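Engineer: Have a look; sequence and predicted model below, questions after that.
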Amino acid sequence: MIRPAFLASALALSLPAGAALAQEVVPVRAISGTRLDIVATGEVSRVPDIARINAGVVTQARTATEAIAQNAQRMERVIAALKRAGIAERDIQTSSISLHPEYRYVENQAPILTGYRASNEVTVRFRDIAETGAILDALVAEGANQINGPMLEIDKPDEALDEARRGALEKARARAEMYARATGMRVTRILAISESAAAGPPVPYPVMRMEAAAQDASTKIVPGEQTLSVTLSVTYEMQ
């Protein structure tokens, strides 16, 4: 006769490494009442505290070398203007560089090469949103002729999102209590919680494409508020 203790030891020895842990079963208390699923959303509003812009220089010339050289000179002035405005070097990042031939097309003829178009774009990140307009004007004055943005964001949304989570959970609990009272029952426990967070996309301003001359009027940027939200799916047991 094989004793149970011996059999258990033999089985444990025959299992591959780690298999014994995989066999562990955690008991879950069965639902003895009524299951109630609630979806609730919590929202909070915050003023954006960071801005991002894409600033670029586009130049055209008859040769590729000339287009690239002109572009590099103007981009140096653009980056120098950013640094004078107090933007740290770590917050200026090259996002794209390109060189494309340009052609003139005539019906029933082969395309005629007319020159080259060079483009260089940087992404700029800064915290003083009140200075956004002045920075944009300075960039245009120094040769930036393609500016996208600004995109306004909340730099560290975790605290605000936690507030939204608490609000969503309070709403879910209040709604569950309402259902329980309406059916003559009571909420006994939470069975599960899951969430989907939507921190609110960065707020884009209209794309700005400006030629060499700066605007006479100063560019005004109003940050407004952004809404951050968290949606919770909460499962309750009622009895």
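Structural biologist: Received, thanks.

Engineer: other SSEs contacting the lengthiest strand in the chain?
Structural biologist: Of all the segments of type strand in the chain, defined by DSSP state E, the longest one is strand 112-126. Under the contact definition 3 or more CB pairs under 8 Å, 6 or more residues apart in numbering; DSSP states H and E, strand 112-126 sits against strand 50-61, helix 64-84, strand 92-104, helix 132-141. Where C-beta positions appear, they are placed from N, C-alpha and C, glycine not excepted.

Engineer: would you turn these into JSON lines with mean pLDDT and distance to Pro157?
Structural biologist: Listed next are the helices and strands packed on strand 112-126 as JSON lines, based on pLDDT from 0 to 100; distance: least, CB to CB, whole Å:
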{"stretch": "strand 50-61", "mean pLDDT": "91", "distance to Pro157": "11"}
{"stretch": "helix 64-84", "mean pLDDT": "92", "distance to Pro157": "26"}
{"stretch": "strand 92-104", "mean pLDDT": "93", "distance to Pro157": "22"}
{"stretch": "helix 132-141", "mean pLDDT": "83", "distance to Pro157": "20"}
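
Engineer: can you tell which of these is closest to Leu169?
Structural biologist: Among the helices and strands packed on strand 112-126, strand 50-61 comes nearest to Leu169, with 28.3 Å by CB to CB.

Engineer: Mind giving me the packing neighbours of that closest one?
Structural biologist: Checking 3+ CB pairs under 8 Å, 6+ apart, strand 50-61 ends up next to helix 64-84, strand 92-104, strand 112-126, helix 132-141, strand 146-153.

Engineer: Export the helices and strands packed on strand 112-126 as CSV, with columns for distance to Leu191 and mean neighbour count.
Structural biologist: Listed next are the helices and strands packed on strand 112-126 as CSV, based on distance: least, CB to CB, whole Å; neighbours: other CB atoms under 10 Å:
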stretch, distance to Leu191, mean neighbour count
strand 50-61, 39, 21
helix 64-84, 54, 17
strand 92-104, 46, 13
helix 132-141, 48, 20
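
Engineer: The ones you listed: which one's closest to Ala172?
Structural biologist: strand 50-61 (31.5 Å).

Engineer: Any idea which helix or strand in the protein has the lowest mean pLDDT?
Structural biologist: helix 4-14 (a mean of 44; mean pLDDT, DSSP states H and E).

Engineer: rewinding a little: looking at the helices and strands packed on strand 50-61, which is closest to Ser32?
Structural biologist: Short answer: strand 146-153, nearest of these by CB to CB, at 47.4 Å.

Engineer: State the mean pLDDT of the closest one.
Structural biologist: What strand 146-153 shows for mean pLDDT is 85.

Engineer: So what touches stretch 87-107?
Structural biologist: 54, 56, 60, 64, 67-68, 79, 82-83, 111-126, 135 (CB atoms under 8 Å, 6 or more residues apart in numbering).

Engineer: Put the alpha carbons of it into CSV.
Structural biologist: Output in CSV follows, covering the C-alpha atoms of stretch 87-107 (Å, rounded to 0.1, in the frame of the first residue of the first chain):
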residue,chain,number,x,y,z
ILE,A,87,14.2,77.6,-22.3
ALA,A,88,16.6,74.9,-21.0
GLU,A,89,18.6,73.0,-23.5
ARG,A,90,17.1,69.7,-22.2
ASP,A,91,13.7,71.0,-23.2
ILE,A,92,14.6,71.5,-26.8
GLN,A,93,14.6,68.4,-28.9
THR,A,94,15.0,67.9,-32.6
SER,A,95,11.8,66.1,-33.9
SER,A,96,12.4,66.0,-37.6
ILE,A,97,14.8,66.9,-40.4
SER,A,98,14.0,66.4,-44.1
LEU,A,99,15.2,67.3,-47.6
HIS,A,100,13.0,66.9,-50.6
PRO,A,101,13.5,67.8,-54.3
GLU,A,102,10.9,69.9,-55.9
TYR,A,103,9.7,69.6,-59.4
ARG,A,104,7.6,71.5,-61.9
TYR,A,105,5.1,69.3,-63.8
VAL,A,106,4.1,70.0,-67.3
GLU,A,107,1.6,67.8,-69.1
